[in-house]
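Asker: Sequence first, then the predicted structure, then my questions.
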Amino acid sequence: MSIRVENLVKTYGKQNAVNNISFNISSGEIVGFLGPNGAGKTTTMKMLTCFIPPSSGRAFINDMDVELQAIEVRKQIGYLPEHNPLYTDMYVKEYLQFIASIYKLSNSTKRVAEMIELTGLQVEQKKKIGQLSKGYRQRVGLAQAMIHNPSVLILDEPTSGLDPNQIVEIRNLITTIGKEKTVLLSTHIMQEVEAMCSRVMIINKGQIVANGKPEELKQQFSSDIILMVKFNQALSDAQLKELRGFGEVKPIAGAEYQLVGKDEEAMKALVFNFAVKNQLMLSEMKVNENSLEDIFKNVTR
């Protein structure tokens, strides 16, 4: 087990920033860590990376206690904080050489070259970090997090502030890295989670409120059926009132409507009979799955 957390608590005064959470992450998993602002994501990551001590409970990286074996734990972890701290007056290659020297790597020149190639920094390696775009700075941050070949990567908002092209590039890089390492990453972008993560944990007010594979969470929290229907013409007020008699109805655009209910087959039968009765043609009728965004909203309200 790469990451093991047991009843972890972090208290600031009377406020529980992290409130008695427990979870395990196995080797080779990419786990998305989701939550609203102030939910406890960054605090949890800082405890796992030995930056702040827990108030109670325990956390282990590769079976090493983050409090009792902090130096050894840090050797096992690559950490990219939300606000990527870089020496902007240093050149990219110079900076990575500096980080390699901190870790006392015997093959530092070779390792720096490998990281530059892996993160796509070849063209930028002779520039000062302060001259780089946000996307390339994130690449430098990932390179420094991985240079000592850690088994666990902890990434806090790795695509924050990037443009769509840069997001795709960093996402692909993390997916490649995750094939060989354990990755815990926080993000607010649900598409990232669905594209990269094998599992999702959602934290709210310091507590884990959902934990599972994306498809498992969709089944677990899909209590309502969302039926999208489209007629050949928009409904009159009287027809809309009649349709609302079957349940919750929301006009979408033109002749398209969203119905919410509990029984898919019954809803479809009612809509079909309604169309026949009102001499309407059904051009489309489909069930929408609950998205991760819907689940996130439901469990963090």
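Answerer: That came in fine, so what should we check first?
Asker: Past the strand or helix carrying residue 258, which element shows up next along the chain?
Answerer: If you go by DSSP states H and E, residue 258 is part of strand 256-261. Counting by DSSP H and E, the element after strand 256-261 in chain order, helix or strand, is helix 264-277.
Asker: For that next one, list every residue counted as buried.
Answerer: 267-268, 270-271, 274-275 (16 or more other C-beta atoms under 10 Å). Just so you know, the C-beta spots here come from the backbone N, C-alpha and C atoms, and that holds for glycine as well.
Asker: same thing with stretch 89-98?
Answerer: Result for stretch 89-98 [16+ other C-beta under 10 Å]: buried residues 90-93, 95-97.
Asker: residue boundaries of the strands in the stretch 51-200 of the chain?
Answerer: 56-61, 64-65, 77-80, 152-156, 182-186, 199-204 (DSSP state E, counting those that start in this stretch).
Asker: Compare those and give me the one nearest residue 113.
Answerer: strand 77-80 (17.9 Å; C-beta to C-beta).
Asker: is it true that residue 159 touches residue 193?
Answerer: No: Residue 159 is not in contact with residue 193 according to C-beta atoms under 8 Å; the separation is 11.3 Å.
Asker: joint contacts of the two?
Answerer: Counting by C-beta atoms under 8 Å, 6 or more residues apart in numbering, the contacts common to residue 159 and residue 193 are residue 187.
Asker: Hmm, which of the buried residues of helix 264-277 is lowest in pLDDT?
Answerer: Lowest pLDDT of the buried residues of helix 264-277: residue 267, 87.
Asker: Could you measure from that residue over to residue 113?
Answerer: Per C-beta to C-beta, to the nearest Å, residue 267 is found 60 Å from residue 113.
Asker: Quick check: chain neighbours aside, which residue is closest to residue 295?
Answerer: residue 221 (4.7 Å; C-beta to C-beta, 6 or more residues apart in numbering).
Asker: Same check on residue 162?
Answerer: Per C-beta to C-beta, 6+ apart, closest to residue 162 is residue 135, 5.3 Å.
Asker: Tally up the residues packed near that neighbour, please.
Answerer: 17 (other C-beta atoms under 10 Å).
Asker: Likewise for residue 101?
Answerer: 10.
Asker: For it, which non-adjacent residue is spatially closest?
Answerer: residue 108 (6.5 Å).
Asker: now swap in residue 65 and tell me
Answerer: Closest to residue 65 by C-beta to C-beta, 6+ apart is residue 58, at 6.3 Å.
Asker: Isn't that neighbour up against residue 20?
Answerer: No: using C-beta under 8 Å as the test, residue 58 is too far from residue 20 to be in contact (12.0 Å).
Asker: which neighbours do these two share?
Answerer: 7-8.
Asker: For the stretch 1-150 of the chain, give me the ranges with low pLDDT.
Answerer: 1 (pLDDT under 70).
Asker: Start from the N-terminal end of it and give the helices.
Answerer: 41-48, 70-76, 92-102, 108-118, 134-146 (DSSP state H, counting those that start in this stretch).
Asker: As TSV, those with distance to residue 227 would be great.
Answerer: Below are those laid out as TSV (distance: least, C-beta to C-beta, whole Å):
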stretch	distance to residue 227
helix 41-48	35
helix 70-76	49
helix 92-102	53
helix 108-118	46
helix 134-146	41
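Asker: which one of those helices lies closest to residue 213?
Answerer: Per C-beta to C-beta, nearest to residue 213 of the helices of the stretch 1-150 of the chain: helix 41-48, 19.4 Å.
Asker: Going by contacts, tell me the helices and strands next to that closest one.
Answerer: strand 3-12, strand 15-25, strand 30-34, strand 56-61, strand 152-156, strand 182-186 (3 or more C-beta pairs under 8 Å, 6 or more residues apart in numbering; DSSP states H and E).
Asker: Direction included, what does the second one pair up with?
Answerer: Strand 15-25 has its sheet partners listed here by DSSP bridges as strand 3-12 (antiparallel).
Asker: and the angle from the partner strand to helix 41-48?
Answerer: 110 degrees (axes from the mean of the first three to the mean of the last three C-alpha atoms, to 10 degrees).
Asker: Alpha carbons of strand 3-12, in PDB - could you do that?
Answerer: Output in PDB follows, covering the C-alpha atoms of strand 3-12 (Å, rounded to 0.1, in the frame of the first residue of the first chain):
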ATOM      1  CA  ILE A   3      -0.400   5.700   0.900                       C
ATOM      2  CA  ARG A   4      -2.300   4.700   4.100                       C
ATOM      3  CA  VAL A   5      -4.200   7.200   6.200                       C
ATOM      4  CA  GLU A   6      -5.800   6.200   9.600                       C
ATOM      5  CA  ASN A   7      -8.100   8.600  11.400                       C
ATOM      6  CA  LEU A   8      -6.200  11.700  10.400                       C
ATOM      7  CA  VAL A   9      -7.200  15.000  12.100                       C
ATOM      8  CA  LYS A  10      -5.800  18.500  11.700                       C
ATOM      9  CA  THR A  11      -7.200  21.200  14.000                       C
ATOM     10  CA  TYR A  12      -6.600  24.900  13.900                       C
END
